[in-house]
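K.L.:
just coords:
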């Protein structure tokens, strides 16, 4: 059967009707002195930059790179945890197909959007690359490699098993970089990369992440369990095939977008495990200092990640909805804004990328001793990572707090059969946790704090990278990028304080 | 099947979606057991499947959450009392994303894939309006809980009903006699400049005129506006009542600025609780509303003269005396609207029993049986109050509550009569073929 959507929509617009635009908790934020926070946040970033101009980069790096040895973890359970993860994923996909049709009762959308996309990103950003341990392909690939080896053929799927990485969690360019102010720029320190990144090596990850972001932000029904189950199954399969062809290590390095994303985000993590299993605790972002230059496609990947989260905030604002001609109090649904939001997503990323490259280019000019735009972008883009994580934390905090509770309930009864596997099936989901003026105040302060902290850290990292790139003029060369970061602080705080409607 | 811990948790907290689900799972398990020919020989023991078109995501999600809780509570009550025609009721929830395009897709999925008996529960008007043609073409009864005038306007089709909640035209009209008699006869309206506000702009003036009152000015505020002080000088000096129906995140700012503009010397204020549905009336900035009046479909706060039915309904849905989720006081319910889910499900029950409904082949009979209903007496099935039903326009009519903000609560000071909300029918669905 066919319905003419345009006719229906015209009809819908022609009939007067009640609307239920909820006053929502953004209403409480509108009553807060958010303007003061925005000014204060911008000042905090600017002042950080000014103070850094007087701090010797070497001294700062020395303090920042200090690590506290914790314990030694000899055993590598990656294969086991990965296989468990694969089985859990298979069950979740089955639940997507067979379980409740309600996206707040089915564990698949809750796990994918809340626990995985929000929760795991934060876990990687705080602790380190947790994803390496729960990547649902690794175990299967290892079994296949082992089977092939046993059958007498060459194990082409993976390089021969070895004790697990590696400082930098598998990022071959970051293996050893004791001093960020020496060596890192020109060739990644003493490490010899086993896999060479070319300019466009991250292109598969870019394409996959762009598709993911579009599915999350623009596609009308990303929460629909059945459709999501197809998407997840397809994603797993496509990447599995790619891993069979080029190898797990290589594909997770630049092809599978979550391995890339989590690896990049985990550079902020506090924990680090060395080749011999020593786990140490460091300051956030310390791992970023020693990283090598990303190729152009890697740079674009990081900017895509930040741009997409930014657009997630932007697309709900009155400003954006007004710009695309949609009444925010009467949002017609995602289906009506697919074209506009596709353009908006692409435009946000393009604008951010252009602004970043322009600022780095200006910095090159101001430095007096340019090192090349590609190399400068490839290193300075690491300073974007804390901003991306801050945006992630701030924008998804409320969703994590509420939908995380729904996820706990749903996981205990994945197929809506009345089970109570983990004893959480009867948990009461408290939506009130994030409601009311007090919660709005607390949440706003946490969000604003995250945004400002992320940008201050970005300025610090950019400062140290600039000291490597432009030893003669680290401060002057960083002025354009700092201005961008101040602008992005204002933008981020504005996104969280402006009225939203969709 | 019913362990005590769950019963206790049900009483202590809110209804759990799973209380209903678990019961069904057990029923299915027994039926699927050895020797049981599942439904084949006993059509009458198969569950009645009701497709719940829910706003679980999108702009309607905060309402959808309470519609889901009320639905689950009502279905549990119905099943505990023996179901419909002695068959258990099963709710199948599909999220429509509060999206006009997904609405008809969901209806189609209900009819063709889930093979439900009826579709139910839609709130947002744009989804109702977009989904109704699908319900008509698929000839599946579609019971909405939307409050819109679209069903009663007879611009939908014969399969679309709104029997559990009154429509906005009736609500607005009902309030006019009280406003004219108690608040004042010179009224200025402030409303958002789109369909919701336009309903109030269009329906209130004639209703007030009939009461010897008049609208002095109509101030339309652009929907994206977030600062309102500049509009207040447009309020004429002789205004005795400000009738306000602002919605959206800027409502709190609106009230705060209105308070700053008028200070203690304000005209009477009359609003629709839609502005502050699910928002604590004691929130900062809302102090200015003290002593003002609101329309409420069903009272948010427990009243001293609540009926036993109202008390039982509130306990079953899991809201406390302040209208918040029991045990979660900051989670304020959408009390003014969600009772419509409870009452609509009981209308479906009543109509199915009147039609002797057996399965999808009886859908036309069910439509006729629903149209033949005329009255729903106040009681456990209709805790909001007595209602009449006009089968020609598929719309119920009931009394409205006018509540005063007093001591940080909403106290019902007046209940309108059903007659206050009646109007001339604008058409007749029963002339359409089935």
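P.N.:
Sure, I can see it. Bear in mind that the values here come from a model prediction, so they are computed numbers and not experimental data.

K.L.:
Around chain A, pick out the residues from the stretch 201-350 of chain B.
P.N.:
Selection of the stretch 201-350 of chain B residues close to chain A by CB under 8 Å from any CB of the partner chain yields B:202, B:223-224, B:226, B:247-253, B:256, B:274-280, B:283-285, B:324-325, B:327-332, B:337. All C-beta spots, glycine's among them, are computed from the backbone N, C-alpha and C.

K.L.:
Which of these fall in strands?
P.N.:
Counting by DSSP state E, those place B:324-325, B:328-332 in strands.

K.L.:
could you flag which of those residues are buried?
P.N.:
B:324-325, B:328, B:330-332 (16 or more other CB atoms under 10 Å in any protein chain shown).

K.L.:
can you give me how far the host helix or strand of residue A:392 is from the chain middle?
P.N.:
Secondary structure assignment for residue A:392, by DSSP states H and E: helix A:384-412. Computed by CA atoms, centre = their mean, to the nearest Å, the chain-centroid distance of helix A:384-412 equals 11 Å.

K.L.:
list the helices and strands it packs on?
P.N.:
Packed against helix A:384-412 by the contact rule (3 or more CB pairs under 8 Å, 6 or more residues apart in numbering or on different chains; DSSP states H and E) you find helix A:107-109, helix A:121-126, helix A:257-265, helix A:296-314, helix A:436-469, helix A:474-497.

K.L.:
can you rerun that using 6 Å?
P.N.:
In terms of contacts (3 or more CB pairs under 6 Å, 6 or more residues apart in numbering or on different chains; DSSP states H and E), helix A:384-412 is packed against helix A:121-126, helix A:296-314, helix A:436-469.

K.L.:
From those helices, pick the one with the highest average neighbour count.
P.N.:
Ranked by average neighbour count under the criterion mean count of other CB atoms under 10 Å in any protein chain shown, these are headed by helix A:296-314 at a mean of 24.

K.L.:
okay if I get the buried ones among the ones in strands among the residues of the stretch 201-350 of chain B next to chain A as a markdown table plus distance to residue A:280?
P.N.:
Shown next, in a markdown table, are these (distance: CB to CB, whole Å):
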| residue | distance to residue A:280 |
| --- | --- |
| B:324 | 48 |
| B:325 | 45 |
| B:328 | 42 |
| B:330 | 42 |
| B:331 | 43 |
| B:332 | 48 |
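
K.L.:
which residue does chain B bring closest to chain A?
P.N.:
residue B:99 (2.6 Å; CB to the nearest CB).

K.L.:
So that residue sits against residue A:337, correct?
P.N.:
No - if you go by CB atoms under 6 Å, residue B:99 and residue A:337 don't touch, sitting 10.0 Å apart.

K.L.:
Tell me which of the two has more neighbours.
P.N.:
Per other CB atoms under 10 Å in any protein chain shown, whichever of residue B:99 and residue A:337 has more neighbours is residue B:99, with 28 against 22.

K.L.:
helix, strand or coil for that one?
P.N.:
Following DSSP: H, G, I helix; E, B strand; the rest coil, residue B:99 is assigned to coil.

K.L.:
where does it sit relative to residue B:342, distance-wise?
P.N.:
According to CB to CB, to the nearest Å, residue B:99 stands 25 Å off from residue B:342.
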